[in-house]
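> fold the following for me, if possible:
(one chain, ligands or ions: 1)
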Amino acid sequence: MIPLGALPKIDLHLHLDGALRPASVREMALEAGAAWPPGGEERCRVRPDCRSLVDFLATFEFFLPFLSSRQALRRSARELCEDQAADGVIYFEARFAPTLWEQTGLSAEEAVEGALEGLREGTAGTGVHWGLILCGLRNTDPARTMTAVDLARRFRSRGVVGVDIAGDERAPLAPHAPAFREAAKLGIPFTIHAGEAGPAANVREALSLGATRIGHGVHVVEDPEAVAMAKSAGATFEMCLTSNLMTHAVGRIEDHPFPRLLREGHRVTLNTDDPGVQGTTLTQDYELARKVFGLSPADFRETLRHSVDAAWAGEALKRDLRVRIEAAWGGVA
Ligand SMILES: [Zn+2]
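Just a heads-up that it's a prediction; the model follows:
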């Protein structure tokens, strides 16, 4: 058996607020003088009876109020670096929607600053590399997505690498299109959550807007034209196996399109999504892929090459990541 936990890995689809340690959320709540309910730590995890993406996202509503300070975001980001490094992740891109913090009394700008401070501290302590992606949310005011783009522009030299849109996929993407046109104009790369709970048409829409990466894209396989469009655009799929099972984006892991897309030469990657909420690690997702799809070390190496190619990191760092991946995975039989 290959010790997957010790091998270098990359996570491109990872929500900062979905990656918290429940024990830390509790401590932060108590430090803030908030009432911590019985069973609070369990409520930081997805419920076993989760039936959909909407159920899954409801988990976040429980703990967000306890993360109301810049200090809490800073701690969360620092601990994320520690957890990633401990799992063998050498580069990750964390994302969050900074305007969500406005309801807690923190400005979106302060939220970004808090996250960046924590990530920088995390690198100092662990050596792990990262980029920060700022999200809009489909089911909120499109002006907030524009705010995320504007903050990405302002914090670009300080570690923000791109933008995204997440949230309930039943809400239309079209009202947010101006924000992505603005991002394209500014040269800020973007990914879009599409085809996770929603249909293949959402992937086509995201690609038409110019997304170079697709968050999940599980349902793309239901439309051959959408598959062809993704292929010709060279789009990268940020796939998240455990998350897709928990949100019922796929009914059974055996039905997940990841192995098919990989065999057909698509640029597919393996990521966690929300390791804190899910109670998982990237290593566990790799184990799942090995067990269910029979992924070989060469297959993992291929997906990691896609991850480096799609990473919004500088060329020097990408070269270094490639060397480390080839050196470690190339030696695995
Ligand atoms: Zn996501």
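> which residues does A194 bridge with?
H216 (DSSP bridges).
> separation between it and W312?
Counting by C-beta to C-beta, to the nearest Å, the gap from A194 to W312 is 18 Å. Every C-beta, even on glycine, is put in place using the N, C-alpha and C of the backbone.
> neighbour count for the two, which is higher?
A194 (30 against 19; other C-beta atoms under 10 Å).
> my read: the more buried one touches E169, true?
Yes: with contact defined as C-beta atoms under 8 Å, A194 counts as touching E169 (7.2 Å).
> anything in contact with each of these two?
Contact criterion C-beta atoms under 8 Å, 6 or more residues apart in numbering; residues shared by A194 and E169: N202.
> remind me what the helix ranked longest in the chain packs against, helices and strands.
When the chain is scanned for its longest helix (criterion: DSSP state H), the result is helix 108-126. Where contact means 3 or more C-beta pairs under 8 Å, 6 or more residues apart in numbering; DSSP states H and E, helix 108-126 is packed against helix 70-86, strand 89-96, strand 129-137, helix 142-154.
> with distance to W36 added, can I get those in CSV?
Listed next are the helices and strands packed on helix 108-126 as CSV, based on distance: least, C-beta to C-beta, whole Å:
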stretch, distance to W36
helix 70-86, 14
strand 89-96, 22
strand 129-137, 26
helix 142-154, 29
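> turn these into CSV, including mean pLDDT.
Output for those, formatted as CSV (pLDDT from 0 to 100):
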stretch, mean pLDDT
helix 70-86, 97
strand 89-96, 98
strand 129-137, 98
helix 142-154, 98
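> angle of the one helix or strand in the chain whose mean pLDDT sits lowest against strand 129-137?
Sorted by mean pLDDT, DSSP states H and E, the helices and strands of the chain end with helix 53-63, the least confident at a mean of 89. For helix 53-63 against strand 129-137, the angle by axes from the mean of the first three to the mean of the last three C-alpha atoms, to 10 degrees is 110 degrees.
> other SSEs contacting helix 53-63?
Using 3+ C-beta pairs under 8 Å, 6+ apart, helix 53-63 sits against helix 40-43, helix 275-278.
> now find how far off-centre that helix is within its chain.
16 Å (C-alpha atoms, centre = their mean, to the nearest Å).
> please apply the same query to stretch 246-261.
Worked out by C-alpha atoms, centre = their mean, stretch 246-261 lies 17 Å from the chain centre.
> and for it, what's in contact with it?
With C-beta under 8 Å, 6+ apart, stretch 246-261 has contacts from 46, 50-53, 55-56, 196-197, 216, 218-221, 227, 237, 239, 241, 243-245, 268, 270, 278, 288-289, 292-293, 295.
> give the rounded mean pLDDT of that stretch.
Mean pLDDT, computed over stretch 246-261, is 96.
> again, but for stretch 199-207
The pLDDT scores in stretch 199-207 average 98.
> with stretch 221-238 instead?
In the prediction, stretch 221-238 has an average pLDDT of 98.
> give me the contact list for that stretch.
By C-beta under 8 Å, 6+ apart, stretch 221-238 touches 12-13, 191, 195, 199-201, 203-204, 207, 211-217, 220, 257, 260-261, 264-269, 271, 306, 309-310.
> repeat for stretch 139-153
Stretch 139-153 has contacts (C-beta under 8 Å, 6+ apart) with 97-99, 108-109, 112, 134-137, 160, 162-163, 165, 167-168, 171, 175-176, 178-180, 182-183, 186, 188.
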